[in-house]
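Participant: predicted model and sequence follow; I will ask about them next.
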Amino acid sequence: MGSTTNADEREYVLGTGADELERLGLQHRLWSDAAHQAWKSAGVRPGQRALDIGCGPGYAAFDLAQLVQSAGRVVGVDESHAFVEHLRAQAAARGLRQLEGRVGDVQKLPQVLADEAPFDLAHARWVLCFVPDPGAVIAGAAAALAPGGRLLIHDYFNYECMTAAPRRESFTRVVAATARSWRKPGGDPDVMGRVPGLLAAQGLELERLEVHQRIARPGESMWQWVASWWRTFTPKLVKLGEISPAEERRFHEDFDGLRPATDFVVLPTVFEVVARKPLR
């Protein structure tokens, strides 16, 4: 599901409190296998420089900092002051002097990174689907990369394939409402369909295109990630007028009624891209 920011409030839609830190921490743990495999395929190693775009509270950045070790450098960029402060505090507590957090608009990376040397890796996970101008993010990442550097992206396409099994009409309505709520301020829950073209426009060469499709069953760790998302986001949908209070109640009745022995949820499809900046 990911994290969202509001360009006016410079704050996450789901907040930056302890509950959201816990949700994002669980999210990273459950998807860290995909992240680490992708970083391995992109050749991340000690001594390199990595950029974490839309770093949030820093869970991926902490791992990257350990991979590049003290001889390397990791810069995390995010619009949330609270999350960047969390990253900075944790970096200090963990002795990760190679990790720095910066507050800034990921659509304006050249300004945020004006004093930085080129990076070997730029990483963006569940960022492009929420910003009005994903092309600007990719352009900024391309400019920040050294020749031969790689941009790694995890994001959504066909988001509305998410469904309960057996199907529930209440689930279909809430998923559709979620997609609408992202599109209205300029986001795109199917952004990965456009990403290869945006990469080509910046002269980046597509090296890897993969898909991660997962399911969640009641009682599993992945289920808790799904449940925590809907507990926090359906009230937002009601506030936005995308669903009624009655539709929200029916959704949670149906969701809570899913049975461990027979039912499951198909999660939104996450696509993985690795693109390389040419040496020339």
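Facilitator: Noted; the coordinates are in hand.
Participant: where does the prediction get shaky in the stretch 101-250 of the chain?
Facilitator: Judged against pLDDT under 70, the stretch 101-250 of the chain has no low-scoring part.
Participant: the strands in it, which residues?
Facilitator: 119-125, 145-156, 163-165, 205-212, 215-216 (DSSP state E, counting those that start in this stretch).
Participant: what's the most buried one of these?
Facilitator: The highest mean neighbour count among those, using mean count of other CB atoms under 10 Å, belongs to strand 119-125: a mean of 26. All C-beta spots, glycine's among them, are computed from the backbone N, C-alpha and C.
Participant: run me through the strand neighbours of it, direction for each.
Facilitator: strand 49-53 (parallel), strand 145-156 (parallel) (DSSP bridges).
Participant: okay, the ones you listed in CSV with distance to residue 232 next?
Facilitator: As requested, the strands paired with strand 119-125 are exported to CSV (distance: least, CB to CB, whole Å):
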stretch, distance to residue 232
strand 49-53, 23
strand 145-156, 18
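Participant: tell me which element the residue nearest to residue 67 when sequence neighbours are not counted falls in.
Facilitator: Distances taken as CB to CB, 6 or more residues apart in numbering place residue 44 nearest to residue 67, at 5.2 Å, with adjacent residues excluded. Using DSSP states H and E, residue 44 sits within no helix or strand.
Participant: what's the neighbour count on residue 44?
Facilitator: 21 (other CB atoms under 10 Å).
Participant: ok, now which ones touch residue 179?
Facilitator: 159, 160, 189 (CB atoms under 8 Å, 6 or more residues apart in numbering).
Participant: from residue 196, how far out is it?
Facilitator: 21 Å (CB to CB, to the nearest Å).
Participant: with residue 265 instead?
Facilitator: 28 Å.
Participant: ok, now residue 211?
Facilitator: From residue 211 to residue 196 the distance is 13 Å (CB to CB).
Participant: which among the contacts of residue 179 gets closest to residue 86?
Facilitator: residue 189 (26.5 Å; CB to CB).
Participant: how many other residues sit next to the residue nearest to that closest one when sequence neighbours are not counted?
Facilitator: In space, and not counting its chain neighbours, residue 189 is closest to residue 159: 3.6 Å by CB to CB, 6+ apart. Burial of residue 159 is recorded as 24 neighbouring residues (other CB under 10 Å).
Participant: OK, contacts around residue 159?
Facilitator: Per CB under 8 Å, 6+ apart, neighbours of residue 159: 129, 175, 178, 179, 189, 190, 268, 269.
Participant: if we go to 6 Å?
Facilitator: 179, 189, 268 (CB atoms under 6 Å, 6 or more residues apart in numbering).
Participant: same deal with residue 120?
Facilitator: 48, 49, 149.
Participant: any idea how far residue 228 is from the last one?
Facilitator: It stands for residue 149. With CB to CB as the criterion, residue 149 and residue 228 are 35 Å apart.
Participant: what of the second one?
Facilitator: Between residue 49 and residue 228 the distance, using CB to CB, works out to 33 Å.
Participant: so what's the gap between stretch 240-260 and the chain middle?
Facilitator: Computed by CA atoms, centre = their mean, to the nearest Å, the chain-centroid distance of stretch 240-260 equals 25 Å.
Participant: gap between the two ends of it?
Facilitator: In stretch 240-260, first residue to last residue: 32 Å (CA to CA, to the nearest Å).
Participant: buried stuff in that stretch?
Facilitator: Within stretch 240-260, the residues scored as buried using 16 or more other CB atoms under 10 Å are 242, 243, 247, 248, 250, 251, 252, 255, 258.
Participant: can you tell me how far the second one sits from residue 130?
Facilitator: As for residue 243, its distance to residue 130 is 20 Å (criterion: CB to CB).
Participant: re the thing from before, and residue 265 and residue 196? Which one has more around it.
Facilitator: residue 265 (22 against 15).
Participant: wait, is the more buried one part of a strand?
Facilitator: Yes. Membership of residue 265 in a strand is supported by DSSP: H, G, I helix; E, B strand; the rest coil.
Participant: quick check: it touching residue 217?
Facilitator: No. Taking contacts as CB atoms under 6 Å, residue 265 lies outside contact range of residue 217: 7.9 Å.
Participant: and stretch 81-100, how far out from the chain middle?
Facilitator: With CA atoms, centre = their mean, you get 19 Å for stretch 81-100.
Participant: number the chain from 594, please
Facilitator: Sure, I'll start numbering at 594, so the last one becomes stretch 674-693.
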